[in-house]
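[1] Got a sequence here, can you build the structure:
(one chain, ligands or ions: 2)
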Amino acid sequence: MEKLGFIGCGNLAGSIVKGLRQSGSPAVINLFDLFEEKPRQLAEQYQAKVCTQAEVIRDSDVIVLAIKPKDIPALLAALGKDDLAGKLLITVAAGIGLEYYERKLPGTAVVRVMPNTSAAVLHSVSALARGKKVSESQAKSAEKVFSALGKVLWVKDEEINAVTAVSGSGPAYFYLLAEYMAQAGEKLGLSKEQATLLAVETLVGAGKMLAQTGREPAELRKAVTSPNGTTSAAICSFEQAGLEGIVWQALQACQKRAEEMEEEYSE
Ligand SMILES: NC(=O)C1=CN([C@@H]2O[C@H](COP(=O)(O)OP(=O)(O)OC[C@H]3O[C@@H](n4cnc5c(N)ncnc54)[C@H](OP(=O)(O)O)[C@@H]3O)[C@@H](O)[C@H]2O)C=CC1
Ligand SMILES: O=C(O)[C@@H]1CCC=N1
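    Residues are numbered from 1 along each chain as shown. Ligands and ions are numbered 1, 2, ... in the order given. The predicted model follows:
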């Protein structure tokens, strides 16, 4: 049976653990976080074990580093390379390239992954980049973990920042749009509850249409948009406000921030 460990049990690790159990994964899950309450709650809900950091490393074959990028340098400094012999490290931290881990922990097998929090509902899409020391069976193990949580693709390490801009951070963009649509619905006279229900269900329905019909986003949009009709009025308003450019700038800002972070961790 797979033995999976997590160092850091915050938002993303919580989504992954929840998703794994929902997918029926029988993996042994070992959890460590500096704030003990987080692994304790996850362990109670999802049949996992609260451990010390040393126990996570000793008792797991695959160890997921799910802490903030700023906390990675101190963790790697504390991890002995000998303790990691034969182990696979999976890092989900944004803005730190594989080269950094391989330099700080020479000889260690590292896969860098950019999933998203929709892992909790088995709809993460996860991009994986393979480090130099990763064996075939370790690559398969990493793929198995994340394919239980949604779709996976292998990419180059240099592509992870673009992935982060589209899908790692992406759920937040759609949540923001849902917030704005609900706010607008209220201003148009609906109650907060009505407007939120309508915005959220519309987003869920549109996502399911994209996922289940196999039709392109533009094709589905056109099917809603009658010539000179109501949708057309809204879409024209988006276009006049420069939505395409706004989205482009936002994704560029996201990628740029990841690049800046990579600079910070280049030493
Ligand atoms: N959230 C997301 O949607 C996504 C996040 N990521 C990446 O995942 C990583 C985790 O993000 P997220 O879950 O949001 O962060 P959180 O802050 O929610 O979780 C991180 C947890 O790790 C704890 N922690 C910090 N240092 C250590 C340590 N040395 N050992 C054990 N635990 C530690 C933190 O404690 P404390 O709060 O006390 O510091 C916190 O509980 C980040 O690197 C992020 O870039 C990637 C894709 C999506
Ligand atoms: O905001 C962040 O930095 C992390 C990485 C991707 C999603 N959340």
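[2] shaky segments in the protein?
    81-82 (pLDDT under 70).
[3] Quick one: name the residues of the stretch 51-200 of the chain near ligand 1.
    Taking C-beta under 6 Å from any ligand atom as the measure of proximity, the stretch 51-200 of the chain contacts ligand 1 at 66-69, 71, 75, 92-94, 114-117, 168. Where C-beta positions appear, they are placed from N, C-alpha and C, glycine not excepted.
[4] which residues in this structure form strands?
    Remark: strands assigned in the chain by DSSP state E are 3-7, 28-32, 49-50, 62-65, 88-91, 109-114, 124-130, 150-154.
[5] and the longest one, how far from the chain's centre?
    I take that to be strand 124-130. On the basis of C-alpha atoms, centre = their mean, to the nearest Å, the separation between the geometric centre of strand 124-130 and that of its chain is 9 Å.
[6] Give me the contacts around it.
    15-16, 19, 98, 111-119, 139, 142-143, 146, 149-157, 159-160, 163, 167 (C-beta atoms under 8 Å, 6 or more residues apart in numbering).
[7] The fifth one too?
    Under the contact criterion C-beta under 8 Å, 6+ apart, strand 88-91 has outside partners 61-65, 72, 101, 105, 108-113, 134, 138, 141-142, 145.
[8] re earlier: now list the buried members of the contacts of strand 124-130.
    In the contacts of strand 124-130, burial by neighbour count holds for 15-16, 19, 98, 111-119, 139, 142-143, 146, 149-150, 152, 160, 163, 167, counting by 16 or more other C-beta atoms under 10 Å.
[9] can you count the residues close to the nearest residue to Tyr46 once chain neighbours are set aside?
    Excluding the flanking residues, the one nearest Tyr46 by C-beta to C-beta, 6 or more residues apart in numbering is Arg21, at 4.5 Å. The criterion is other C-beta atoms under 10 Å. On that basis, Arg21 has 18 neighbouring residues.
[10] Same question for Pro227.
    Neighbour count of Pro227, defined by other C-beta under 10 Å: 5.
[11] Report the contact partners of the residue in the stretch 1-150 of the chain that ligand 1 sits nearest to.
    Of all residues in the stretch 1-150 of the chain, Gly10 sits closest to ligand 1, at 1.8 Å by C-beta to the nearest ligand atom. Contact criterion C-beta under 8 Å, 6+ apart gives 33, 38, 66-67 as the residues in contact with Gly10.
[12] contacting residues for whichever residue of the stretch 101-250 of the chain sits closest to ligand 2?
    The shortest separation between the stretch 101-250 of the chain and ligand 2 is 3.7 Å, found at Gly168 (distances taken as C-beta to the nearest ligand atom). Taking C-beta under 8 Å, 6+ apart as the contact definition, Gly168 lies against 94, 114-116.
[13] What distance do you get for it to Glu136?
    Summarising the geometry, the distance separating Gly168 from Glu136, computed by C-beta to C-beta, to the nearest Å, is 26 Å.
[14] so what's Arg257 closest to, chain neighbours aside?
    Distances taken as C-beta to C-beta, 6+ apart place Gly95 nearest to Arg257, at 7.2 Å, with adjacent residues excluded.
[15] my read: the one you found touches Lys70, true?
    No - in this structure, Gly95 is not within contact of Lys70 by C-beta atoms under 8 Å, at 9.9 Å.
[16] Of the two, give the one with the bigger neighbour count.
    For Gly95 and Lys70, the more surrounded residue by other C-beta under 10 Å is Gly95, and the numbers stand at 21 against 13.
[17] Let me see the backbone angles for the residue lying farthest from the centre of the chain.
    Summary for the chain: using C-alpha atoms, centre = their mean, the residue whose C-alpha lies farthest from the chain's mean C-alpha position is Asn228, with a distance of 39.2 Å. Phi and psi for Asn228, reported as degrees, to the nearest 10, are phi 60, psi 20.
[18] Distance check, it against Ser167.
    Taken as C-beta to C-beta, the spacing of Asn228 relative to Ser167 amounts to 35 Å.
[19] And Ala74, how close does it get to Gln138?
    The spacing between Ala74 and Gln138, counted by C-beta to C-beta, is 25 Å.
[20] These two: who's more crowded?
    Neighbours around Ala74 and Gln138, counted as other C-beta under 10 Å, are more numerous at Gln138. The numbers are 22 against 10.
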